[in-house]
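Enquirer: pasting the sequence and the predicted coordinates here, then a few questions.
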Amino acid sequence: MMRRLIQALLFLLVAAGLYVLPRFFSMDYYLHIFVMSEIYAVLALSLALIVGFTGQVSMGHAAFYGMGAYASALLSIRLGCSFWVAFWLSGLFAGCVSYVIGRLVLRLRGHVLAITTAFFCVLVTVVMNNWIAVTNGPMGITGIPRPSPLNLGLVRLVFESRVHYYYLGLFFVAGVLFILHRLVRSRLGDAMIAIRENEELATSLGIDAMKIKLLAFTLGGAIAGLAGSFYAHYILFISPVTFSMNESINMLVMIIFGGMSTLFGPILGAVALTVLPEFLRMAGEMRLVIYGVALICFIIWLPEGLWGSLRNVLLSMNEAKRMEE
Amino acid sequence: MTTVFFQQVLNGVILGCIYALIALGLSLVFGILEMTNFAHGEFYMLGAFMALFSMTHLGVPFFVALLIAMLGMALVSALIERMVFRPIVGKPLINSMLLSFGLSTALANLALFFFKADPRKITSGLAGVRFRFWGLFLTGERLAILILSIILVLGLTWFIQRTRMGKAMRAVAQDRVAAQLAGVNVKRVYSVTFAISGALAAAAGTMVGAMFFVSPEMGFTVVLKSFVIVILAGAGRIRGVILAAVLIGLVESLGGGFISYAYKDAYPFLLLVLLFIFKPEGLMGGA
């Protein structure tokens, strides 16, 4: 009872904090970082479902993100769809593609799966660059409309300023978090973890491994597509560079940074890796060198991620306390 | 038309030889350390720069520069293995993937910082030599690539089949723990594996630098294609890697020449997908 109360209080506190955040950081620059953190939080969460919970390393996540962005942009420009329709349709589209790709590649394991999905990502970038009639090639697509105003009863979001994107993004992250929380706590979530730990054993217990893996991959891809749509209607310009394989790797770094077998970890990683590189801007040309070296040091010394390592420290402290008693 | 076709076939085979040199090193590391090394493309790039600088700054002839690059990269990659890769042997694959990716980013951007982006060419002195037969062209550089790759592959095969170290490498690839129990110095095997892989990459980089050009970002697409070759080849057989490399070279050369040049980077992936649909056990049969 007490525990639930504390949890509820904590939740309210976080919600209130997130609500007032833009009041303190009202500069456009900060708001942009916040919105990008939200988009990356969604991407990292969806990737964590595939890599962290189900144990299938995918390097092609940026492809689904990109397909969602392109689908949404084209739907709204060519067919005049409103953002609120294009958003769901682009998620559906990315989900369908990831179902088909999943069918093809998910019987592969480990390194082979990772490289194959990486190549899928390259393939999607090549198509975006060369199918000029549809994607406008390397020039990208400009003139993507902003979402039409939204009446939520209490508040009216008009999407002229970044604050409104920030609030919509909060709903987006919360929704994805809620769905994934329910999913990983269910029997399906247990099945996913079973597959991650030992696929043969899971199969022998009657878990249809292919079906579960496919579910995680499809859902992850669909959510990435939704994030792509949000991105397209926020930045209002998309080009193939944004959805290259480097972006997939960036997402993997996020989930390993925060710790990938929790739902809190990916969010932490996404925010940290959106905010931290901003400090590296001062380094100029050496920026990516520092990034690379930092990544190496991180993997060697904190292989379980920030959250995982912190939890290990806390656990061992607890253990020591119990020993004393 | 047929002449053009055979010319493309010839070019594809030469391209395949280069891919084979790169992919062999990758496949060794993959088989023995169970790691995917994304920085392998940067070994190839650094090797090319080493050859370039030993020619421009030390004034040595081309083949000496090639040797210097191979030895130098063998040393550098063994050092990198010791400092960067060894701490994470046996960790989940995502760790080694991201680690080597960080290494690749750091090395490529260091090279960009010091060597600048403008592409440079290694002057091998072989460009003037041209062979003409049955209406086909073969430059001296391309012939040199063909001969060099044959020598290196034969040398590698001999090393792995006949020497004690080669035997140890095969043992570790089969079962690390059992090899260790049998008295194999696993750490030395790791160093030697990386050294060989770096030397092969340097040879490939130097040859590409002579044929096309050298630049800091030359490594990245090559490494992905080489991974496809390793996957196509199945479990680390030298013969499989060479076959797959030549196949990828041919597909790229013929596809680029006759279908569409813009999509040439997509062909290896399509090949991979076809393989998974029709022959999931790998090109060379059962893994």
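Expert: Nice, thanks for sending it over. Numbers count the residues shown, from 1 in each chain, chains lettered A, B, ... in the order given.

Enquirer: now the strands for the stretch 151-300 of chain A?
Expert: A:156-157 (DSSP state E, counting those that start in this stretch).

Enquirer: so which bits of the one helix or strand residue A:87 maps to are buried?
Expert: Assessed by DSSP states H and E, residue A:87 sits inside helix A:83-105. Neighbour counts over helix A:83-105 (16 or more other Cβ atoms under 10 Å in any protein chain shown) mark A:83, A:86-91, A:93-95, A:97-99, A:101-102, A:105 as buried. In short, each C-beta sits where N, CA and C put it, glycine included.

Enquirer: so the following helix or strand past that helix, near chain B or not?
Expert: Counting by DSSP H and E, the next helix or strand C-terminal to helix A:83-105 is helix A:110-130. Yes - shown here: helix A:110-130 in contact with chain B (Cβ under 8 Å from any Cβ of the partner chain) through A:110-112, A:114-116, A:118-120, A:122-123, A:126-127, A:129-130.

Enquirer: which of those are buried?
Expert: The neighbour count (16+ other Cβ under 10 Å) marks A:111-112, A:114-116, A:118-120, A:122-123, A:126-127, A:129-130 as buried among the residues of helix A:110-130 next to chain B.

Enquirer: list the buried ones in stretch A:266-281?
Expert: Buried residues in stretch A:266-281 (16+ other Cβ under 10 Å): A:266, A:267, A:268, A:269, A:270, A:271, A:272, A:273, A:274, A:277.

Enquirer: what sits up against that stretch?
Expert: Applying Cβ atoms under 8 Å, 6 or more residues apart in numbering or on different chains, the external contacts of stretch A:266-281 come out as A:33, A:36-37, A:40-41, A:43-45, A:47-48, A:52, A:173, A:177, A:250, A:253-260, A:287, A:290-291, A:305-307.

Enquirer: helices - which of those land there?
Expert: Within those, residues falling in helices by DSSP state H are A:33, A:36-37, A:40-41, A:43-45, A:47-48, A:173, A:177, A:250, A:253-258, A:287, A:290-291, A:305-307.

Enquirer: and chain B, which of the buried residues of helix A:83-105 reach it?
Expert: Restricting the buried residues of helix A:83-105 to those touching chain B (Cβ under 8 Å from any Cβ) yields residue A:105.

Enquirer: can you name the residues that contact the nearest residue to residue A:234 once chain neighbours are set aside?
Expert: Spatially, and ignoring its direct neighbours in sequence, residue A:234 is nearest to residue A:165 (5.3 Å; Cβ to Cβ, 6 or more residues apart in numbering or on different chains). Applying Cβ under 8 Å, 6+ apart, we find residue A:165 in contact with A:31, A:35, A:159, A:234.

Enquirer: what about the second one, neighbour count?
Expert: Read that as residue A:35. 24 (other Cβ atoms under 10 Å in any protein chain shown).

Enquirer: please apply the same query to the third one.
Expert: For residue A:159, the count of nearby residues is 19 (other Cβ under 10 Å).

Enquirer: correct me, but it touches residue A:145?
Expert: No - applying Cβ atoms under 8 Å, one finds residue A:159 not in contact with residue A:145, separated by 9.7 Å.

Enquirer: spell out which parts of the stretch 151-287 of chain B neighbour chain A.
Expert: B:221, B:224, B:227-228, B:230-231, B:262-263, B:265-266, B:268-270, B:272-273, B:276-277, B:280.

Enquirer: buried ones among the residues you listed?
Expert: B:224, B:227-228, B:230-231, B:263, B:265-266, B:268-269, B:272-273, B:276.

Enquirer: mind telling me the two of these farthest from one another?
Expert: Spatially, the most separated pair among those is B:230 and B:263, at 22.4 Å (Cβ to Cβ).

Enquirer: let me know the helix or strand that residue B:125 is in.
Expert: Residue B:125 belongs to no helix or strand, assigned by DSSP H and E.
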